[in-house]
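Asks: Show me how the following folds:
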Amino acid sequence: MAHLGKWKITSPVATLLAFLLTLAAGGIVTRPTQSPEGGRNNGRARPDPAELAALGITVNSIESARSDKFTGGRIERAAFRAGDPRIAITVDIPAFRLTLWQDRKEVATYQIGVGMKDFPLPVGERVVNVISFNPSWIPPDSDWVYGRSNVRPHEVIKASDPRNPLGKIKIPLGDSFLIHEAAKRSDIGGLVSHGCVRMLRRDLFDLAEKIIAARGLPVSAKELKLARTTSRRKDVPLDAPLPVDLNYDTQVIEGGVLRLYPDVYDNDTNTVENLRLELRSSGVDDARLDDRTLKEMLKRVSRRYAFVVSVADLKAGRALTAGRNVPLTGNAQKKPEPQTARTKHL
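Replies: Residues are numbered from 1 along each chain as shown. Okay, here's the model as predicted:
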């Protein structure tokens, strides 16, 4: 069953059905949030329903925005347009994917790293109120900080300091949760942070510059160049909160294809019962699929690989012969890279 974290929904019937199915499956179990990587709250952390409604977004916290239940089986993609402020972000945690949407169309997708099991990303709706270039880092009052000899809680560590793990950009999500720069390429597709989203530098600049251009924020090309080439701090407040949805959907039908993602936080989402519920709620008759087949499909999901099979092959009884594993990120078959100076301090 797909669990929690939906960006927009178009059918009240689908909303009610998904909600009832979620209750029947027991919902999702998450660990208590612990000590993210640090950062101050910049404005409120939760979306205002009226602001979301103006963007055509209804918050229901049910499923991935990519589900065929909400897209009609096709995700519209389009070129990014400067000056169109109708943007939103979704984070698909098990898929290690962040998507920027504009006017309900996908305009950019990035691979990410996410929080460790003991410091998971929060599931649900958030907002962005500011983008910070060359941010300082204030280590939180947390056990993992006290266990280190080179930093102290509440110490202000500037962007130029190699102990600063945030990199060139941080995008606060409220309650000290952040989107920020990855320490190294092998962070992507990994459980690597203390409750934050990590992105490659080029992707993070691309995302930040698209947000600025969409909203028409007063940031010049010269200021963006200085942000890239110096350690000069610059905070860019958003004119209105930018909605962000973080979901934990490990079983979803996208574009007529069933995609099974790893249960990276061990929330017991990838069960035969949940898979049957997902199929039924998507209009797929699961009567011809025995438990052995469904269990084998789930076994083929691994930490770095999803299992995918078309609905047509499912219905034709070819789930195991036609299904295949696909890497979640480009790092799936790569060896870990050596640590950099900044990496050693994370």
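
Asks: The lengthiest strand in the chain pairs with which strands, parallel or anti?
Replies: In the chain, with assignment by DSSP state E, the single longest strand is strand 234-247. Strands that pair with strand 234-247, judged by DSSP bridges, come out as strand 87-92 (parallel), strand 124-133 (antiparallel).

Asks: just checking, next helix/strand downstream of that strand?
Replies: Once strand 234-247 ends, the next helix or strand along the chain (criterion: DSSP states H and E) is strand 251-254.

Asks: tell me the average confidence for that next one?
Replies: Average pLDDT, strand 251-254: 96.

Asks: Could you do stretch 83-90 as well?
Replies: 96.

Asks: any idea of the mean pLDDT for the longest helix along the chain?
Replies: The longest helix of the chain (DSSP state H) is helix 201-215. Taken as a whole, helix 201-215 carries a mean pLDDT of 98.

Asks: Going by neighbour count, which residues of the next helix or strand after that helix are buried?
Replies: Later in the chain than helix 201-215, the nearest helix or strand by DSSP H and E is helix 221-229. Buried residues in helix 221-229, counted by 16 or more other CB atoms under 10 Å: Leu224, Ala227. Every C-beta, even on glycine, is put in place using the N, C-alpha and C of the backbone.

Asks: ditto for stretch 114-133
Replies: Buried residues in stretch 114-133, counting neighbours by 16+ other CB under 10 Å, are found at 114-116, 119-133.

Asks: Same question for stretch 181-195.
Replies: 181-184, 186-195.

Asks: From those, which land in strands?
Replies: Reading strands off the buried residues of stretch 181-195 with DSSP E, I get Glu181, Leu191, Val192, Ser193.

Asks: residue nearest the centroid of this protein?
Replies: Val91 (2.1 Å; CA atoms, centre = their mean).

Asks: dump the residue contacts of that residue.
Replies: Arg97, Leu98, Thr99, Ile112, Leu121, Val197, Val244, Asp245, Leu246, Asn247 (CB atoms under 8 Å, 6 or more residues apart in numbering).

Asks: same thing with Asp286?
Replies: Arg276, Leu279, Arg280.

Asks: Give the buried subset of those residues as a PyMOL selection command.
Replies: Of the contacts of Asp286, the buried ones go into a single PyMOL selection, burial set by 16+ other CB under 10 Å:
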select buried, resi 276+279
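
Asks: Which one of the contacts of Asp286 is nearest to Gly256?
Replies: Leu279 (12.7 Å; CB to CB).

Asks: gap between the longest helix of the chain and the chain center?
Replies: When C-alpha coordinates are averaged (CA atoms, centre = their mean, to the nearest Å), helix 201-215 and its chain have centres 16 Å apart.

Asks: If you count neighbours, what's buried in that helix?
Replies: 203-215.

Asks: if we can go back for a sec, and the residue nearest to the centre of the chain, how far from Val151?
Replies: In this view, Val91 and Val151 are 27 Å apart by CB to CB, to the nearest Å.

Asks: Beta-bridge partners for Ile171, please?
Replies: The partner residues for Ile171, given DSSP bridges, come to Ile179.

Asks: residue contacts, it?
Replies: Counted by CB under 8 Å, 6+ apart, Ile171 has contacts Val128, Val130, Ile131, Ser132, Leu178, Ile179, His180, Leu207, Ala208.

Asks: Pipe the contacts of Val91 into a markdown table and attach distance to Lys299 and pLDDT per row.
Replies: A markdown table is the format used below for the contacts of Val91 (distance: CB to CB, whole Å; pLDDT from 0 to 100):
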| residue | distance to Lys299 | pLDDT |
| --- | --- | --- |
| Arg97 | 23 | 97 |
| Leu98 | 28 | 97 |
| Thr99 | 28 | 97 |
| Ile112 | 26 | 98 |
| Leu121 | 26 | 93 |
| Val197 | 29 | 97 |
| Val244 | 33 | 95 |
| Asp245 | 29 | 93 |
| Leu246 | 27 | 94 |
| Asn247 | 24 | 94 |
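
Asks: Run through the protein and note the low-pLDDT ranges.
Replies: 1-62, 143-144, 146-149, 332-346 (pLDDT under 70).
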